[in-house]
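**Q** Turn this into a structure:
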Amino acid sequence: MKRWTLSGILAVLALSAHAQLREAWQYRFPEQGSGQVAELRRALKLADGGLLLLGAVETPLNAYDAFAIKLRPDGTPEWTLVQDGALLDDAFVDAVEVSGFGYQHLYLLGQFMNADGYLRARLYRVDAGGQVQQMLEMPADAPNLHYRAVGLVWDEQDEAVGVATERISTGESEAQLFTVYADSGTLHPVSQRVNQRPWGVARFANPFSGLVLGTRGTFTGWVDAHIYKWVGAPELFSGAVRGFDVPVIGYTVPGRGAVVGIHSFGGTTGDDIVLLFYNPNGSREWAYRYTSAYYDDYLLSMAHDAQNRLYALTTSVLWANDRLEQVSMRLLRFSPNGTLEQDMVVPTGHTSSRGLSLRGVLGINAAGQPIVAYAHPPFLTRLTRAGSVLWGMRLPMEPQALFVEPQGALLVAGSAFPEDPHAEARYLLVVKYTPSADLNGDGVVDDADLLQVLLEFGTEGETVADLNGDGVVDDADLIAVLFQFGS
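**A** Numbers count the residues shown, from 1 in each chain. Purely as a prediction, here's the structure:
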């Protein structure tokens, strides 16, 4: 049972007093009253501004089918694809949108259970209308083994999709990689890594398609991070005390490279975070180990700003599993060359609560201000660059994905839990928020809000009058107030 302190509740109420967003639209899946549970596995923004949702949806037989839903920018569904394996647990887990001379494809990666109860990885190519054009099942060299779908990368140079899977047998895990060429649709095995368990991928731009993030066991019982380059030699990372180093997040910085985030367990400073930055040639440029004294630190999400500075959202736990356990959320900012420039606590209103699990996602707006969405309770807040709260608001779902759009709009996707769990199942909810011109939070856009924008017009800096978060109070903010005046 979660225990909330009175001060924590008051702090959350204070944060949400002047929320500067209003709901533009929301999308729910499945429909209300269906009684089906939906689980979101991945959400991706597409080139046309739409949103792709991937996951699993419950069937009447208490199994799960894989679903992919394409939403238009206005929130209406353009198409829905549901695929069923032979037995129980099916899901779409990753996707990549590709284009080249004479083609534009969307590839979906899913894992499906066959009639014998073994997992198989499948790659689907769908057209603009969501129709399946091709389905390839990754070949299995033994019928009684699991083949788990891990992730996709795109190789622009060879115009090929890279498919990462995990071959699971008794006491052994191997990463198996395949390439599918976009023009011909033919599949070719790339390599097989014995005793490496793949956890995910990190995507690159040309010329290398990406990294496979995995782990490899040692003879002494420890676990090392194993970063495998799709083209090139693998790299091992091991902490100084030889504990358990597990890569958990691969984040792409467009035009710059990719960041691998590692949970480094068992060190003398507790559980730490290690960041490894790789340039587009696949070479590591910098590395950083982060630890807060006496705390266990865990990586939640990453983002970057227009200056290519990297941001990492983390959670820190002091005295874990003790009656005095304290949990807090932190935000780190790194320079383009890997120097830690800022380390600040994210105001959540509940930094001390035993058993509290802080989970969150991160975005950065045009002004370089962090947007943080987190659970327990579901909350969305916009911070200044120094870490103070500009505004905050409650969310109707536990956020799993956050997208910062132009003109200050935000897209949030996650799992929503009904008020009566006995009457309705958990469902997927996507909400688009646009800036609200009700600056003083009195429930109406009136003269007071217009006057505040006029008084601060031309101001550069961090103020609530900068509605769209571009760093200056200008014509766009004034027009927003005028359009919403009286509402």
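**Q** rest of the way, CA atoms for contacts and neighbours
**A** OK.
**Q** How is this structure divided into domains?
**A** As recorded under automatic domain parsing, the domains making up the chain are 36-194, 436-487.
**Q** Going by mean pLDDT, which of the ones you listed comes out lowest?
**A** Of all the domains of the chain, the minimum mean pLDDT falls on domain 436-487 (a mean of 67).
**Q** would you turn the domains of the chain into JSON lines with mean neighbour count and distance to Glu235?
**A** Output for the domains of the chain, formatted as JSON lines (neighbours: other CA atoms under 10 Å; distance: least, CA to CA, whole Å):
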{"stretch": "domain 36-194", "mean neighbour count": "18", "distance to Glu235": "13"}
{"stretch": "domain 436-487", "mean neighbour count": "18", "distance to Glu235": "40"}
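**Q** Arrange the ones you listed in CSV, one row each, with distance to Tyr27 as further columns.
**A** CSV is the format used below for these (distance: least, CA to CA, whole Å):
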stretch, distance to Tyr27
domain 36-194, 6
domain 436-487, 20
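**Q** Give the buried residues for stretch 264-280.
**A** For stretch 264-280, burial by neighbour count (16 or more other CA atoms under 10 Å) applies to 264-267, 270-280.
**Q** Filter the residues you listed down to just the ones in strands.
**A** Assignment to strands by DSSP state E places the following of those there: 264-267, 270-278.
**Q** mind listing the strands for the stretch 251-400 of the chain?
**A** For the stretch 251-400 of the chain, applying DSSP state E, counting those that start in this stretch gives strands covering 257-267, 270-278, 284-290, 295-304, 310-318, 326-334, 340-345, 360-364, 370-374, 379-383, 389-394, 398-404.
**Q** Contacts only, for Val132.
**A** Contacts for Val132 (CA atoms under 8 Å, 6 or more residues apart in numbering) come out as 124-126.
**Q** among the residues you listed, which are in strands?
**A** Under the assignment DSSP E, the contacts of Val132 contribute 124-126 to strands.
**Q** Can you pull up the most central residue in this protein?
**A** Of all residues in the chain, the one closest to the mean position by CA atoms, centre = their mean is Ala401, 5.0 Å from it.
**Q** Could you measure from Phe67 over to Gly85?
**A** From Phe67 across to Gly85, the span is 12 Å (CA to CA, to the nearest Å).
**Q** Leaving out the residues flanking it, which one is nearest to Val98?
**A** Spatially, and ignoring its direct neighbours in sequence, Val98 is nearest to His105 (5.3 Å; CA to CA, 6 or more residues apart in numbering).
**Q** my read: that neighbour touches Glu97, true?
**A** Yes. Counting by CA atoms under 8 Å, a contact exists between His105 and Glu97, whose distance comes to 6.0 Å.
**Q** shaky segments in the stretch 201-350 of the chain?
**A** Residues of the stretch 201-350 of the chain meeting the criterion pLDDT under 70: 205-208, 231-233, 239-242, 266-269, 293-294, 319-325, 349-350.
**Q** Tell me which helix or strand comes right after the stretch of helix or strand His226 belongs to.
**A** Secondary-structure assignment from DSSP states H and E places His226 in strand 223-229. Next helix or strand after strand 223-229 toward the C-terminus (DSSP H and E): strand 235-237.
**Q** List the buried residues of that next one.
**A** Going by neighbour count (16+ other CA under 10 Å), the buried part of strand 235-237 is Phe237.
**Q** Sounds good, over and out.
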